[in-house]
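Colleague: Quick one: sequence plus predicted model below, questions after.
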Amino acid sequence: MQRMNMAEVAPEVYKGWVAAEIAIINGPLDATVRHLVKLRVSQLNGCLYCIDMHTDEARKAGETDLRLAHLTAWWESAQFTDTEKAALDYAEAATRLDRHGVTDEVWAAVEKHFTEGERAGLVAVTAQINMWNRLGVPLHMEPLHH
């Protein structure tokens, strides 16, 4: 059972988060990369609500079942482009944030494959989905598909 509905309890804060989400969606980062990052980070964080939502969104945007199935081991899959792999590598490093943070090697791959604006979008979408996951998991948000 969901513990709290942030949109109802803290509407001004929630509206700010939604405004940031809209800005990210309208930014220069490719929608496919955005969907992959949201889903992979949600998998890492164990946020079922977000996994459910972003799987649906990715499918509606044309993502294939094969790529969705391979996402949990994307680094071994030939289904993803070098650009997508650079984004996923960054997203995983920024989500896990071990003592090394995001290495220079990971960041160099991001710089190679993305413009400055796209890099900003990647940083923003990764931070944003981590924030959403940190609402979904502790608040026991229930997925649409039970």
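Modeller: Perfect, thanks for sending it.

Colleague: can you pull the contacts of residue 21?
Modeller: The contact partners of residue 21, taken as C-beta atoms under 8 Å, 6 or more residues apart in numbering, are residue 128. Just so you know, the C-beta spots here come from the backbone N, C-alpha and C atoms, and that holds for glycine as well.

Colleague: Show me which residues of the one helix or strand it maps to are buried.
Modeller: Element membership of residue 21, judged by DSSP states H and E, is helix 11-25. Neighbour counts over helix 11-25 (16 or more other C-beta atoms under 10 Å) mark 17, 21, 24 as buried.

Colleague: Redo the residues you listed as TSV? Include pLDDT.
Modeller: Shown next, in TSV, are the buried residues of helix 11-25 (pLDDT from 0 to 100):
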residue	pLDDT
17	97
21	97
24	98
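
Colleague: sorry, back to before: can you name the next helix or strand after the helix holding residue 21?
Modeller: Remark: after helix 11-25, the chain's next helix or strand is helix 31-45, criterion DSSP H and E.

Colleague: tell me the mean pLDDT over the very next helix or strand once past that following helix?
Modeller: Next helix or strand after helix 31-45 toward the C-terminus (DSSP H and E): helix 48-60. Average pLDDT, helix 48-60: 97.

Colleague: where in this structure is pLDDT low?
Modeller: Scanning the chain for pLDDT under 70 picks out the ranges 146.

Colleague: For the chain, give the helix that spans the most residues.
Modeller: When the chain is parsed with DSSP state H, its longest helix is helix 116-136.

Colleague: Identify the residues contacting it?
Modeller: 6, 17, 20-21, 23-24, 27-30, 33-34, 37-38, 41-42, 45, 47-50, 54, 87, 90-91, 94-95, 110-111, 114, 141.

Colleague: Next: stretch 66-80.
Modeller: Outside stretch 66-80, the residues that touch it by C-beta under 8 Å, 6+ apart are 36, 39-40, 43, 55, 58-59, 64, 84-85, 88-89.

Colleague: Drop anything exposed from the residues you listed.
Modeller: Looks like the contacts of stretch 66-80 have 36, 39-40, 43, 55, 58, 84-85, 88-89 buried, using 16+ other C-beta under 10 Å.
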